[in-house]
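Undergrad: coords please:
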Amino acid sequence: LVVPVTIGIILLLLYLNFGSLAKSLIVLLSVPFAAIGAIWYLDYLHYNMSVAVWVGIIALAGVAAETGVVMLVYLDEAYERRVREGRMTTVQDLREAIMEGAVQRVRPKMMTVAAIMGGLLPIMWTTGTGADVMKRIAAPMIGGMVSSTILTLIVIPVLYFIWKRWMMSSDSQSDRIIISSVHEI
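TA: Numbers count the residues shown, from 1 in each chain. Got it, this is the predicted structure:
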């Protein structure tokens, strides 16, 4: 019950932030990408699902959504700048804008992942009182950050490209309809 509620709250907050369901869903796709790595790492360590594991997964969902938001902000910024400059007329212009925005995001994403891994990896080597619980919280976050990094840097720009290309083509179709209507008059 907690995980769907958490995802619903994340979607609501994303929608309130962006004001766009499409952008919110693109960012929300970061969460399953992170979950893939979390599940693989939990399986590798032979950890069963427990309250501690779910706490780690919920924390991972928040971090994955945050990194997806930042990626989308960088992509939007590059796109909007090119639109303002009048350099967004072709699909190639869109591709270049997305490449520009995604490349700017590589270093901050790697720094985020390095900081999170630097904080969580020592927990995985700890022994003593409470270490077993802490390991089960840290494990999904470690596995999820690895897969989230790779997939967020690749998949979100591709989905953004597909969405914006579709928006550009529907805008140009509506422009053609208006122009043909004006010519008929």
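Undergrad: how would you label S148: helix, strand or coil?
TA: Classification of S148 by DSSP: H, G, I helix; E, B strand; the rest coil places it in helix.
Undergrad: quick check: nearest residue in space to it, chain neighbours excluded?
TA: Using CB to CB, 6 or more residues apart in numbering and skipping residues adjacent in sequence, the residue nearest S148 is A34, 3.8 Å away. Placement of C-beta: from N, CA and C, glycine included.
Undergrad: do M49 as well
TA: Excluding the flanking residues, the one nearest M49 by CB to CB, 6+ apart is L42, at 7.8 Å.
Undergrad: tell me the confidence at the one you found?
TA: Here, the pLDDT recorded for L42 equals 94.
Undergrad: what about the residue nearest to S147 when sequence neighbours are not counted, neighbour count?
TA: Leaving aside its chain neighbours, S147 sits nearest to G37 (2.8 Å; criterion: CB to CB, 6+ apart). Other residues near G37 number 23, with proximity taken as other CB atoms under 10 Å.
Undergrad: next one: V83
TA: Neighbourhood size, V83 [other CB under 10 Å]: 14.
Undergrad: name the helices or strands packed onto the helix or strand where A97 lies?
TA: According to DSSP states H and E, A97 maps onto helix 91-125. With contacts taken as 3 or more CB pairs under 8 Å, 6 or more residues apart in numbering; DSSP states H and E, helix 91-125 sits against helix 51-84, helix 131-184.
Undergrad: now do the longest one against helix 91-125, angle only.
TA: Helix 131-184 runs at 170 degrees relative to helix 91-125, counting by axes from the mean of the first three to the mean of the last three CA atoms, to 10 degrees.
Undergrad: okay, the angle between helix 131-184 and helix 51-84?
TA: Using the same axes, to 10 degrees: helix 131-184 against helix 51-84 is 30 degrees.
Undergrad: cool, thanks, talk later.
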